[in-house]
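> Below is the structure, and that's it, no one-letter string:
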């Protein structure tokens, strides 16, 4: 068995996690759509469709 030790400064180093950044940015883009702020819909499927429409609008705006 081999044991490796790390320096104390390596534990506190900040590293950017790309997937987390993508998720956080996606939530920021969704917050721009006011209909998604509160749940007005009775069915969960309807709310999900509005999320899909919001992402579609974001993608169309970017292209």
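Nice, thanks for sending it over. Values in this document were obtained by computation on a predicted structure and should not be read as measured data.

> At the geometric centre of this structure, which residue do we find?
residue 23 (2.1 Å; CA atoms, centre = their mean).

> per-residue confidence for that one?
Looking at residue 23, its pLDDT reads 81.

> and residue 53, how many neighbours does it have?
Using other CB atoms under 10 Å, residue 53 has 13 other residues around it. For every residue, glycine as well, the C-beta is placed using N, CA and C.

> per-residue confidence for residue 63?
Value listed for residue 63 in the pLDDT field: 75.

> if we can go back for a sec, what secondary structure does the residue nearest to the centre of the chain sit in?
Assigned with DSSP: H, G, I helix; E, B strand; the rest coil, residue 23 falls in the helix class.

> Residue 62 versus that one, what's the distance?
17 Å (CB to CB, to the nearest Å).

> got it, and residue 45?
Taking CB to CB, one finds residue 45 at 26 Å from residue 62.

> swap in residue 46?
25 Å.

> out of the two, which sits in the more crowded spot?
Just comparing residue 46 and residue 62: by other CB under 10 Å the higher neighbour count belongs to residue 46, 11 against 7.

> Spell out which helix or strand contains the more buried one, please.
According to DSSP states H and E, residue 46 maps onto helix 44-62.
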